[in-house]
Structure formats: structure tokens, C-alpha cells
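K.L.:
got a structure for you, letters missing:
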């Protein structure tokens, strides 16, 4: 892929484009836009052929709450709904002494893997490149192969999920709970999970927020809800606006627990 300046976009296969940039050992930020909803986009920070970090360009609060809960169940974090840079927030917690150096790298690595899963599940995408990096300090420097080798099953699952749910930022709403009674697409255990979430599924939460409520991964929840979306039992809406009032921005979900010091 020819490297573009920050004002230029090019439609590419994300995995091939990323591999090309890494082989050329470029440094800077690659931004990848979801072709089905360009309000959803992702950043990959590169340095001399290595990946320093990858994250979302939107919904940082919802995503960070979800990811921290996956890594540290039961631990609350003082996370502002208006967090601007998740990388800076994680480094701040580290500087406060709540993360060890090993833990902060673990968190950044996990965040990067989750973002790469979403990016590499895109069949094609619009991409732009900016030479600016904007990460300080640099705590990760990893090869693409090292990052994605264990992600192949998750990427394949998200390719499947995307046939119904474009990304974890989409909002899902169950309009009529009675519809579930007549559906036989779920086994008993999955039906019980959905039944216990009926009230939550009527609140227009993102998939990330639903997973926080259900203590499941986005992959698990996406595969669970996919057939219900395809049958029309659950409606899917963009992240940015309320499905009933386009002028309304939805509030983010928080974990209302005090910050406990993490074990090192």
C-alpha cells in the first residue's frame, strides 16, 4: 500500500495494508474506518515495523470499562465518561502505583489484540496514514505475527458476527420480548441468558455495555445474539445516535465500585 498523507484515504484489505506498512518499517498512525459505518474507526500506532498500540477512535469509555473488567473482574476504576485517550489513562493508573509495569503492558497488549481482532475482521476498509505517533511513553513494541497468531479463531468468529452486528459499538434493542417465546434458534442455556437480560436489552446499550452486564466477551455475546438479530427479534442501531431521537446522545455505562489496589 502506498502511504497516504493524513488528508487522503484509500480502500484496502486491512491485513494486507498493515503488512505492507510494517514491511516498509514506517512510523506513524494508521486509521481504519469500518466500511459499513465510518463513524466507527480504529487506530494502529506503528514504529519501524513494530506495533506499539491499537485502539478505537470512538467509544473509549464503553470499551475501556469492558476491557478492564475482562482483565480485572470485580475491580472498579475511577473512569471518566469523557476519557479522551485510553492509553494515557492506563499509563496514569500505572504511575499511581495501581499497576505494575508487567500489568500495564498486559493491559495495553490485551487492548491492542482486541482492536486488531476488529480490524482484521473487516473484509475491506478505508484507511489513512499520519506520520504523527502521539504515544508517551512507548511500552510495547511487538511484531504483527506475535500479536495476531493467537487471534485467528476470534477473527473468524467476528467475520461471522459481522453478518448481523457490525461492531461492538453497535446498539442493540429488543422491541418485543414476546417474540423470543416463539423462536427455537437458541438452546435452553442460551435462552436463559437472553431471558435474564430482557430489561437490559431494552435500554439501547452497545454490545460492549451488554457484555459488562452479562460478564461475557463480545465474541460470546455476539454469537449468542446474532441469530436473534437476523430474525428481527433484536434491532441494531449505530453507536452515535438514539434510534428514537437522533438528537439524543446515549449516556455511557459505568462500573460503580471503588478503586481497589491491584495485586502486583
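P.N.:
Everything's here; your move. Quantities reported herein were computed from a predicted structural model and do not represent experimental measurements. Numbers count the residues shown, from 1 in each chain.
K.L.:
count of residues packed around residue 188?
P.N.:
7 (other Cβ atoms under 10 Å). Placement of C-beta: from N, CA and C, glycine included.
K.L.:
Strands of this protein, start to end?
P.N.:
10-12, 28-33, 41-47, 50-56, 125-130, 171-174, 234-237 (DSSP state E).
K.L.:
Report the inter-axis angle for the third one versus strand 28-33.
P.N.:
To tie it back to what came earlier, the one meant is strand 41-47. Interaxial angle, strand 41-47 versus strand 28-33 (axes from the mean of the first three to the mean of the last three Cα atoms, to 10 degrees): 160 degrees.
K.L.:
can the strands of the chain go into a markdown table with extra columns for mean neighbour count?
P.N.:
Shown next, in a markdown table, are the strands of the chain (neighbours: other Cβ atoms under 10 Å):
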| stretch | mean neighbour count |
| --- | --- |
| strand 10-12 | 15 |
| strand 28-33 | 20 |
| strand 41-47 | 21 |
| strand 50-56 | 22 |
| strand 125-130 | 20 |
| strand 171-174 | 20 |
| strand 234-237 | 16 |
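K.L.:
For those, give me CSV that also has mean pLDDT and distance to residue 69.
P.N.:
Listed next are these as CSV, based on pLDDT from 0 to 100; distance: least, Cβ to Cβ, whole Å:
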stretch, mean pLDDT, distance to residue 69
strand 10-12, 84, 33
strand 28-33, 96, 25
strand 41-47, 97, 20
strand 50-56, 97, 16
strand 125-130, 92, 28
strand 171-174, 94, 19
strand 234-237, 94, 23
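K.L.:
Tell me which of the ones you listed sits nearest to residue 215.
P.N.:
Minimum separation from residue 215 across the strands of the chain (Cβ to Cβ) falls at strand 171-174, 16.9 Å.
K.L.:
Same list as before, the strands of the chain that is, but in a markdown table and with distance to residue 93 included.
P.N.:
Shown next, in a markdown table, are those (distance: least, Cβ to Cβ, whole Å):
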| stretch | distance to residue 93 |
| --- | --- |
| strand 10-12 | 35 |
| strand 28-33 | 23 |
| strand 41-47 | 19 |
| strand 50-56 | 15 |
| strand 125-130 | 27 |
| strand 171-174 | 28 |
| strand 234-237 | 32 |
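K.L.:
Looking at these, which is nearest to residue 98?
P.N.:
strand 50-56 (19.5 Å).
K.L.:
Who are the packing partners of that closest one?
P.N.:
The contact analysis (3 or more Cβ pairs under 8 Å, 6 or more residues apart in numbering; DSSP states H and E) places strand 50-56 against strand 41-47, helix 86-95, helix 101-120.
K.L.:
for the record, mean pLDDT for stretch 207-214?
P.N.:
On average, the pLDDT along stretch 207-214 is 95.
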